[in-house]
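Chemist: no sequence for this one, just the structure:
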């Protein structure tokens with residue numbers, strides 16, 4: 001179940017707000033210009049759908065987002081526990097970083113933990129199946145796919161070549177709970 005937990009950026013020991021209610025999560029995140037919504041496929045995807053089938057099932061939602069925000073491209077990424085690069089990829093994105101464009105992810109299946117650092121707070125958003133999150137450009141954040149990652153997500157870009165992580169060098173991410181902890 002999706003969840004939002006908010007901490008002070010000075011105290012990782014006690015949340016100041018938390019919810020598992022999708023509407024409450026969306027309302028709270030909208031205060032910091034983070035989009036959170038739920039999408040539904042227009043067809044059954046079955047087991048292990050191909051990328052083109054995933055895109056086709058959500059094209060109606062992607063089209064609305066593209067029309068509204070002007071995004072240029074999208075793709076599908078999957079991560080499984082048997083991926084030999086899982087530890088390297090997990091470690092890379094566990095450090096606080098920013099991007100020069102919005103980070104838009106829709107979880108077709110599985111889960112991931114987005115952690116945002118702004119306004120003196122840490123916002124931990126557990127995204128699961130049917131969750132869309134859009135983190136605004138230049139927002140300090142990190143992403144945890146867990147020690148045994150298993151997800152499929154649609155990524156939406158302004159320019160995928162420009163989607164580069166700029167690491168802040170701040171070790172704050174190491175102080176907060178990780179996915180599954």
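Modeler: Perfect, I can see it now. Owing to the predicted nature of the structure, the values given are computational and were not obtained by experimental measurement.

Chemist: any weak-confidence spans in this structure?
Modeler: Within the chain, the ranges that satisfy pLDDT under 70 run 160-162.

Chemist: helices of that one, start to end?
Modeler: Ranges of helices in the chain, per DSSP state H, are 22-30, 51-69, 86-93.

Chemist: what's around the residue lying closest to residue 105 once chain neighbours are set aside, how many residues?
Modeler: Closest residue in space to residue 105, ignoring its immediate chain neighbours: residue 153 at 5.0 Å, by C-beta to C-beta, 6 or more residues apart in numbering. To be clear about C-beta, it is placed using only N, CA and C from the backbone, and glycine gets the same treatment. Here the count is done by other C-beta atoms under 10 Å, and residue 153 has 25 residues near it.

Chemist: ok, back up a step: for residue 108, which of the helices of the chain is the nearest?
Modeler: For the helices of the chain, the distance to residue 108 is smallest for helix 51-69, at 5.5 Å, taking C-beta to C-beta.

Chemist: can you give me the buried ones in that closest one?
Modeler: Buried residues in helix 51-69, counted by 16 or more other C-beta atoms under 10 Å: 54-58, 61-62, 65.

Chemist: closest one of the residues you listed to residue 145?
Modeler: Once C-beta to C-beta is applied, the member of the buried residues of helix 51-69 that ends up nearest residue 145 is residue 54, at 17.9 Å.

Chemist: wait, that closest one touches residue 151, no?
Modeler: No: applying C-beta atoms under 8 Å, one finds residue 54 not in contact with residue 151, separated by 12.0 Å.

Chemist: report the beta-bridge partners for the residue nearest to residue 105.
Modeler: Taking DSSP bridges as the rule, residue 153 bridges to residue 77, residue 107.

Chemist: who's in contact with it?
Modeler: 76-78, 105-108, 110, 112 (C-beta atoms under 8 Å, 6 or more residues apart in numbering).

Chemist: same thing but 10 Å
Modeler: Counting by C-beta atoms under 10 Å, 6 or more residues apart in numbering, residue 153 touches 54, 75-79, 104-112, 127, 131-133, 145.

Chemist: what of residue 122?
Modeler: 5-12, 15-16, 115-116, 140-142, 172-173, 175-177 are the contacts of residue 122 under C-beta under 10 Å, 6+ apart.

Chemist: adding distance to residue 166, write the helices of the chain out as JSON lines.
Modeler: Output for these, formatted as JSON lines (distance: least, C-beta to C-beta, whole Å):
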{"stretch": "helix 22-30", "distance to residue 166": "22"}
{"stretch": "helix 51-69", "distance to residue 166": "21"}
{"stretch": "helix 86-93", "distance to residue 166": "12"}
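
Chemist: out of those helices, which comes closest to residue 159?
Modeler: Among the helices of the chain, helix 51-69 comes nearest to residue 159, with 12.9 Å by C-beta to C-beta.
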